[in-house]
Structure formats: C-alpha cells, structure tokens
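[1] quick check, what structure comes out for this input:
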Amino acid sequence: MPDLDPLETLFDASNGDEVPLPAALAEVYGSLRIPRPRARPHVIGNFVTSLDGVVELDAGVPRGGGAIAGPQPHDRMVMGLLRAMADAIVVGAGTLRATPRHLWRADRVSPGFSEAHAELRKRLHKAPEPLNVIVTSSGLLDLDAPLFRGGEVPVLVLTTLSGEQTLRRHGEPPVQVVAVTEAKRLSADTVLGAIEQIQGGGLVLTEGGPQLIGEFFARGKLDELFLTLSPQVAGRDGSTDRPGLVAGYLFAPEAPIWGRLVSVKRAGSHLFLRYGFRL
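    Predicted coordinates for the structure are as follows:
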C-alpha cells in the first residue's frame with residue numbers, strides 16, 4: 001500500500017449511506033457517503049482540471065488526465081476508489097482513442113490499493129470488475145485495442161445503427177456491441193437505459209470526455225461531479241484544441257446549471273471538490 005498522508009477534509013455536507021471502505025482506503029480518503037440509487041442509476045463524473053479550466057492537453061493526443069493533475073498520487077487514489085465502487089464506467093470513444101492501451105479498472109490508476117479495491121467490491125456485492133462501456137456514434141474504434149482483446153474486464157460498446165455496421169464491417173467484434181438508436185448520436189437517456197437493461201444499473205461513473213459529460217449535463221442525468229482542481233495553469237493560444245469540462249453544449253446564460261458543494265478535501269496544493277446536481 002502506498003504511504004499517503006490522509007486527505008485533509010475542509011468541508012463535508014454529504015449525505016446518504018456510508019460506504020464500507022477498507023481501512024487502507026478510509027485512512028487516506030476519510031468518510032465517504034453516497035446517496036441511494038433511485039429509479040435510475042446514480043451517475044457520478046470524475047475529472048481533473050487545471051486552474052484555467054483545461055481538462056485535456058491537445059485533444060486526441062495520448063496523455064490523459066495525468067498531464068493535468070501532474071504527479072499527484074491522491075488524484076489517482078480517488079480515481080481508483082470511484083472505479084472500485086462503480087458498477088459501470090462510461091467513456092466516449094475519443095477518450096479511448098486518447099488512451100488506447102487503457103483499461104477502466106481501479107488497479108490501473110492506483111495499483112497500490114488493489115487488495116483494498118477488491119475487498120471493497122466484495123463488501124458492496126459487486127462483480128470483480130466494473131463493466132467498461134464505450135460510447136461511439138460512428139463506430140470508428142480500434143477493435144485490436146487491449147480493452148477489447150485482453151478479456152480482463154467486461155466490455156459493452158453502445159453505438160448507432162450505422163456505427164454497428166461500421167464495427168461489423170470486418171467481422172464479428174470481440175466484445176458485445178449494441179446499436180441503441182437510429183439517430184446520429186447517442187443520448188444520455190439511451191446510454192443509461194441500455195446499461196440498466198444489460199446489467200441493472202447501480203452506480204455509473206463517467207470519466208469523459210467533455211462531449212459525453214456535456215450530454216449527461218444537458219439531459220439532467222449527472223448526479224454528482226468529483227473534480228480535482230490542479231494548481232497548473234495550462235494556457236490556450238488557439239493553435240490546438242484544449243477543451244474544458246464541457247464541450248458541444250451551451251447552458252449559460254439561458255439555462256445555467258448550478259451545482260451544490262458537497263465536500264472539499266486537500267492534498268498539498270490540489271483541491272478535491274465534490275458537487276451535487278440533482279440531490
């Protein structure tokens with residue numbers, strides 16, 4: 001287990017059931033409460049952003065959130081903790097293309113807590129690994145990626161009818177592919193409905209990208225956001241795409257979305273913020 005100092009809790013107004021964290025996780029994170037799922041899955045987003053709002057350096061370049069967070073082990077610990085609680089982890093195809101060798105499992109980002117992650121999933125009566133759900137409208141995926149060929153995690157690809165045709169153009173895909181709409185893009189309602197039908201819902205975690213989380217915000221389907229605020233200033237000069245938290249949607253000033261601060265934790269100069277949106 002990594003030798004991490006406990007996160008400093010500066011504010012906590014969370015409610016819900018206490019998550020039965022194993023000691024190794026509780027000693028670093030502290031208390032964690034999650035509201036009970038209602039008629040649909042409880043949806044959590046997890047992102048890291050720079051001080052100037054950048055979530056990804058040079059969109060599509062394989063760097064991931066680590067380039068924003070920097071060498072911050074607490075950020076990876078929180079990411080691993082949320083993955084260890086999730087029944088399904090939803091990411092867009094662009095996120096997969098930016099990190100083509102990644103698997104969305106807890107020990108990929110926080111390997112020192114692997115035993116604690118496994119114990120937590122047992123305590124929560126969850127499957128050994130969360131369902132990795134890839135959302136793609138176009139069906140343009142590299143099906144030779146480790147996620148699809150490795151067999152280490154259960155994988156579900158949700159796409160459109162035309163996207164399914166693209167995926168099956170060169171034979172039978174190695175993982176389950178479900179065409180859930182005739183439209184050109186998938187809605188958050190369609191994504192969650194498919195997850196519920198296939199595995200029953202529960203706790204759904206999304207790690208992006210900005211287009212996908214924008215869709216969840218737009219449909220009122222994001223319940224909470226865990227947001228790491230990194231002390232880095234990344235900058236923008238217009239020569240490359242450096243997206244913020246949400247892309248593809250405008251909310252303010254006509255329909256701004258306001259969050260309620262749930263908790264604030266600190267590790268050095270990094271802040272770990274948690275906001276509720278439909279609680």
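
[2] for the residue nearest in space to the middle of the chain, what are its contacts?
    Nearest to the geometric centre of the chain sits Glu207, at 2.2 Å (CA atoms, centre = their mean). The contact partners of Glu207, taken as CB atoms under 8 Å, 6 or more residues apart in numbering, are Gly45, Asn46, Phe47, Gly65, Met79, Ile89, Val90, Val91, Thr95, Trp104. Any C-beta I mention is one placed from the backbone N, CA and C, and that applies to glycine too.

[3] please redo it, this time with the cut-off set to 7 Å
    By CB atoms under 7 Å, 6 or more residues apart in numbering, the contact set of Glu207 is Asn46, Ile89, Val91, Thr95.

[4] of those, the lowest pLDDT goes to which?
    Within those, Thr95 has the lowest pLDDT, namely 92.

[5] that one contacts Gly209, correct?
    Yes. Shown here, Thr95 and Gly209 form a contact pair, counting by CB atoms under 7 Å, at 4.7 Å.

[6] quick one, which of those two is more surrounded?
    Between Thr95 and Gly209, Gly209 has the larger neighbour count (other CB atoms under 10 Å), namely 27 against 24.

[7] state the pLDDT value of the more buried one.
    Value listed for Gly209 in the pLDDT field: 90.

[8] next: Gly60.
    53.

[9] other SSEs contacting the helix-or-strand element of the chain with minimal mean pLDDT?
    Least confident element among the helices and strands of the chain, by mean pLDDT, DSSP states H and E: helix 66-69 (a mean of 89). Helices and strands touching helix 66-69, by 3 or more CB pairs under 7 Å, 6 or more residues apart in numbering; DSSP states H and E, are strand 42-49.

[10] how near is the closest residue to Asp58 other than its chain neighbours to Gly214?
    Nearest non-adjacent residue to Asp58, counting by CB to CB, 6 or more residues apart in numbering: Thr240, 4.9 Å away. With distances taken as CB to CB, to the nearest Å, Thr240 is found 20 Å from Gly214.

[11] more neighbours, these two?
    Using other CB under 10 Å, the more surrounded residue of Thr240 and Gly214 is Gly214, with 22 against 11.

[12] just checking, the more buried one touches Tyr249?
    Yes. Counting by CB under 7 Å, Gly214 touches Tyr249, with 4.1 Å between them.

[13] list the buried residues of stretch 121-131.
    For stretch 121-131, burial by neighbour count (16 or more other CB atoms under 10 Å) applies to Arg121, Leu124, Lys126, Glu129, Pro130, Leu131.

[14] quick one: the second one and Gly202, what's the gap?
    Looking back up the chat, that one is Leu124. From Leu124 to Gly202 the distance is 9 Å (CB to CB).

[15] next one: the first one
    Relative to Gly202, Arg121 is positioned 12 Å away (CB to CB).

[16] OK, contacts around Thr95?
    Glu207, Gly208, Gly209.

[17] ok, now Leu158?
    Val133, Val135, Val178, Val180, Leu186, Val191, Ala194.

[18] again with Asp12
    Ser263.

[19] how about Ala255, secondary structure?
    With DSSP: H, G, I helix; E, B strand; the rest coil as the basis, Ala255 sits in coil.

[20] give me the pLDDT for it.
    95.

[21] and for it, the neighbour number?
    Ala255 has 9 nearby residues by other CB under 10 Å.

[22] just the one 4 residues further on next, same as before
    If you count neighbours by other CB under 10 Å, Gly259 ends up with 16.
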